[in-house]
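**Q** Sequence below, structure please.
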Amino acid sequence: MGVRRAAAGFGEVVSYYDYLASQEIDASSPPFYALIMAAMRRADSSNIDLLREAWPEVWSEFYARYHAPGGVLDGERVAV
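**A** From the prediction side, this is the model:
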């Protein structure tokens, strides 16, 4: 049995592959903000604007960590 096209208005942004990938990601149980930061890492220019607008605090910290050595912020102690 093949995959049928969704009703009008559905399946135009998210593909069936995207949906299946989301199930795999969910099965690994990553923390919510890890998912948001991963989305920011992969986003194109249109989507990064949406993500920054939706989660400005997460963007600020992600940006700071991205540019910090090893992702560790000044004054932060990390157990190795």
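**Q** now stretch 26-43: mean pLDDT?
**A** Taken as a whole, stretch 26-43 carries a mean pLDDT of 97.
**Q** Okay, buried residues for it please.
**A** Residues of stretch 26-43 classed as buried: 36-37, 40 (neighbour count, 16 or more other Cβ atoms under 10 Å). No exception for glycine: its C-beta is placed from N, CA and C like everyone else's.
**Q** Need phi/psi at R77.
**A** phi -110, psi 130 (degrees, to the nearest 10).
**Q** Next, A68: phi, psi?
**A** Backbone torsions of A68, given as degrees, to the nearest 10, read phi -90, psi 150.
**Q** so who does the residue nearest the centre of the chain touch?
**A** In the chain, the residue lying closest to the centroid (Cα atoms, centre = their mean) is A39, at 1.9 Å. By Cβ atoms under 8 Å, 6 or more residues apart in numbering, the contact list for A39 reads 47, 51.
**Q** ok so, going back, can you put the buried residues of stretch 26-43 in a markdown table and add distance to V80?
**A** Listed next are the buried residues of stretch 26-43 as a markdown table, based on distance: Cβ to Cβ, whole Å:
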| residue | distance to V80 |
| --- | --- |
| I36 | 25 |
| M37 | 21 |
| M40 | 25 |
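**Q** Return the subset of those lying in helices.
**A** 36-37, 40 (DSSP state H).
**Q** ok, those residues vs Y63, which is closest?
**A** Set against Y63, the nearest of these by Cβ to Cβ is M40 (8.7 Å).
**Q** surely the closest one meets L50?
**A** No: M40 lies out of contact with L50 (Cβ atoms under 8 Å); the separation is 10.3 Å.
**Q** ok, back up a step: and which of the ones in helices among the buried residues of stretch 26-43 is nearest V58?
**A** I36 (5.3 Å).
**Q** Residues in contact with stretch 40-56: which ones?
**A** Applying Cβ under 8 Å, 6+ apart, the set of residues contacting stretch 40-56 is 36, 39, 58-59, 62.
**Q** got any ranges where this protein has weak pLDDT?
**A** In the predicted model, the chain carries pLDDT under 70 at residues 1-9, 11.
**Q** Can you identify each of the helices in it by residue range?
**A** Under the criterion DSSP H, the chain contains helices at 16-27, 32-42, 45-54, 56-67.
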